[in-house]
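>>> Need a 3D model of the sequence below.
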Amino acid sequence: MAVALSAHSRTSVSGLYALTPDCADTVRLTDRVRAALAGGASAIQYRNKTGTAALRLEQARALREVCVASGATFIVNDDVELAGAVDASGVHLGRDDATASSARRRLGPQAIIGVSCYDSLARAGDAVDSGADYIAFGSFFPSSVKPEAVRASITLLKVAKSRWNVPVVAIGGITAANAPLLIAGGADAVAVISDIFAPADPRAIEQRARAIAALFQDRLVRAASS
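Take a look at the predicted model:
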């Protein structure tokens, strides 16, 4: 029987939002995700563009349990049915995926629904109107995962924060070196793949995650002292 994921409080995502790389080895993938969580990732998005349906189900179930143990949010990329099958916290939707409203009908009122908005404030407005719990913009920097991705301006973050009362996520080529620009620009969370998961050693993954997660703690400290 599945264990509930923190009652799906729909607090959405914040801080370091780690997106998984394609990996056919489920044990290795879960070890790497544990390291990212140990380093301070508050949410994990399962993203696998190459695996079979059976592998993706196996991995999503395994990662969900890892997130349950850490009290982290677990989001499935693209696949509403897979998110429902493993009782994920929610789903992240792109341009060619289901709509936010249809995902809500399938996953229920407590599910977290995120929507990629690329460089489009109009798409963001439509997403929020359809019930999205967070909106994501990017790519802000060149990305090895999506080299062809449209580039977004950091000013989008401030505009989005002024218009909508939902968390704003930045994605695309983000590292510990450039994340401060996005956080200062208003990003509530940064979604990171390569800069965290590039190392083979889980200890290095934990260190990289910790470096980015610490940037959000620094922002909280500055806000409290201002």
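>>> Residues touching stretch 148-165, excluding its own?
Contacts to stretch 148-165, defined as CB atoms under 8 Å, 6 or more residues apart in numbering, come from residues 118-119, 121, 124-125, 128, 135, 137-140, 143, 168, 170, 172, 181-182, 185-187. (C-beta placed from N, C-alpha, C; glycine too.)
>>> nope, stretch 46-60 is what I meant
19-24, 26, 29-30, 63, 74-79, 82-83, 85-86, 88, 193.
>>> Give me the PyMOL select line for the residues you listed, limited to the buried ones.
To isolate the buried ones among those in PyMOL, judged by 16 or more other CB atoms under 10 Å, type:
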select buried, resi 19+20+21+23+26+29+30+63+74+75+76+77+78+79+82+83+86+88+193
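>>> Now residue 210: closest residue in space, sequence neighbours ignored.
Leaving aside its chain neighbours, residue 210 sits nearest to residue 39 (4.0 Å; criterion: CB to CB, 6 or more residues apart in numbering).
>>> before we move on, what about residue 173?
residue 141 (3.1 Å).
>>> in stretch 143-159, what's buried?
Buried, per 16+ other CB under 10 Å, within stretch 143-159: 143, 145, 149, 152, 156, 157.
>>> Check stretch 160-169 too.
160, 161, 164, 166, 167, 168, 169.
>>> residue contacts, the last one?
Each residue near residue 169 by CB under 8 Å, 6+ apart is listed here: 13, 17, 114, 134, 135, 136, 137, 187, 188, 189, 190, 191.
>>> now it: how far from residue 211?
19 Å (CB to CB, to the nearest Å).
>>> picking that back up, just the contacts of stretch 46-60: which are in strands?
Members of the contacts of stretch 46-60 lying in strands (criterion: DSSP state E): 19, 74, 75, 76, 77.
>>> Just name the closest of these to residue 103, please.
residue 76 (10.4 Å; CB to CB).
>>> low-scoring pLDDT stretches of this structure, where are they?
By pLDDT under 70, the weakly predicted segments of the chain are 1-11, 219-226.
>>> 80 - rerun?
1-12, 144-149, 218-226 (pLDDT under 80).
>>> May I ask you to name the longest strand in it?
strand 112-118.
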